[in-house]
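got a structure for you, letters missing:
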DNA sequence: GGTATTTTGTAGTGGCTGATACAAAAATAA
DNA sequence: TTATTTTTGTATCAGCCACTACAAAATACC
């Protein structure tokens, strides 16, 4: 399962073939289908698992900061650090999966999970700035998407972290 | 050519098959290869043409504003408007192409073109803030990437435009 | 009008995709 | 030890991919 997640995260759903999966897992196609049902089904499981416990604990980061601007800033900073950590540049699996349409069902699953993340941000912002909750949640998602895609595109650690800081300044200014 | 650009922009390189191309162009495979060489060669031509004269005149927008913060803000705003204009949500062809690895040669072409755009921003910023030129150029690219991906992901006009405005506030704060 | 040249249409190339039919082997149960 | 069930391996399925060989039709040239 970890093996499959690594493959999907690194190459994307479409670029991972059954041949790669079965070889990496050390099993044969029939065993694979007996165990997971299909390539798409496995990917859904991997996605859900990734969303459930990835390395970016949103709720924890947000709840650790009283002021909304600080919480969102910390979230963006943590994401930048996380995306830049892997030298290979793979970004956030959820964001990237939601972007590639691929099979419609998989796209829906990824977008639903992303929408749940957005909702977490939205609810957090709404506690203090209900009028701006939606717009700031969208801005946060857009920035996270940009950070993820850019990390995947090879942008380095300093640029990502600094960009997160500039975005945080924008949030601070917006809430002032 | 316009037809091919529309297809590639809407579906992405990999998702456009020869069958779609030949049918849309109203020609047969042999004619296609006689005219363009290959699918990859056509895509490179389309990419270059898109980069040369897309609907986002960067130099023009930037040079119209004396203060760097205003210029970058206008650029982000124009991009948000542009990406939100098409109801289908297709974002920036260059950004999206640079993200999908696909064939390595195509990826290099897309990234080179994107790097040229970044250079335009960098040079513009450097005229007034040489020390922050690189970081602000990266932030601009990251934000444009996020706007493009989010537009492709279905985010609406208000959210994109507002996000661009928040990002612009971040730039203003950064330069203060 | 007759000939050479280019364009087009048909059909098919090998190779890869995700997914299986079927049998051999291993593990479990009696 | 024998019988039953489960797992695994081999070999392959049909379908799509980008791409092309070859011949028929249309055009240009004299």
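Received the coordinates, thanks. Computed from a prediction, not measured in an experiment: that's the story for all the values here.

do the lengthiest helix in chain A and chain B meet at all?
Identified as the longest helix of chain A according to DSSP state H is helix A:104-126. Yes. Applying CB under 8 Å from any CB of the partner chain, one finds helix A:104-126 in contact with chain B at A:111, A:114. Placement of C-beta: from N, CA and C, glycine included.

which helices and strands sit right next to that helix?
When contacts are defined as 3 or more CB pairs under 8 Å, 6 or more residues apart in numbering or on different chains; DSSP states H and E, helix A:104-126 packs onto helix A:39-52, helix A:58-63, helix A:68-85, helix A:93-99, helix A:133-152.

is chain B within reach of the lowest-mean-pLDDT helix or strand in chain A?
Ranking every helix and strand in chain A by mean pLDDT, DSSP states H and E puts helix A:93-99 at the bottom, with a mean of 92. Yes. On the criterion CB under 8 Å from any CB, helix A:93-99 is in touch with chain B at A:95, A:98, A:99.

drop anything exposed from the residues you listed.
A:95, A:98, A:99 (16 or more other CB atoms under 10 Å in any protein chain shown).

now do the contacts for the closest residue to the first one other than its chain neighbours.
So the one you mean is residue A:95. For residue A:95, ignoring the flanking residues on the chain, the nearest one in space by CB to CB, 6 or more residues apart in numbering or on different chains is residue A:148 at 4.3 Å. The contact partners of residue A:148, taken as CB atoms under 8 Å, 6 or more residues apart in numbering or on different chains, are A:79, A:83, A:91, A:92, A:95, A:96.

quick one on the thing from earlier: could the helices and strands packed on helix A:104-126 go into JSON lines alongside distance to residue B:156?
Shown next, in JSON lines, are the helices and strands packed on helix A:104-126 (distance: least, CB to CB, whole Å):
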{"stretch": "helix A:39-52", "distance to residue B:156": "24"}
{"stretch": "helix A:58-63", "distance to residue B:156": "23"}
{"stretch": "helix A:68-85", "distance to residue B:156": "21"}
{"stretch": "helix A:93-99", "distance to residue B:156": "16"}
{"stretch": "helix A:133-152", "distance to residue B:156": "9"}
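
closest to DNA strand C out of these?
Across the helices and strands packed on helix A:104-126, DNA strand C has its closest neighbour in helix A:39-52 (3.6 Å, CB to the nearest atom of the strand).

is DNA strand C within reach of that closest one?
Yes. Using CB under 7 Å from any atom of the strand, helix A:39-52 comes into contact with DNA strand C via A:39, A:40.

helices or strands up against that helix?
So helix A:39-52, by 3+ CB pairs under 8 Å, 6+ apart, packs with helix A:2-11, helix A:18-25, helix A:93-99, helix A:104-126.

which other residues reach the shortest one?
Going back to what we said before, that points to helix A:93-99. By CB under 8 Å, 6+ apart, helix A:93-99 touches A:5, A:8-9, A:12-13, A:43, A:47, A:50-51, A:54, A:90, A:106-107, A:110-111, A:113-114, A:117, A:144-145, A:148-149, A:152, B:99, B:149, B:152-153.

thanks again, I'm all set now.
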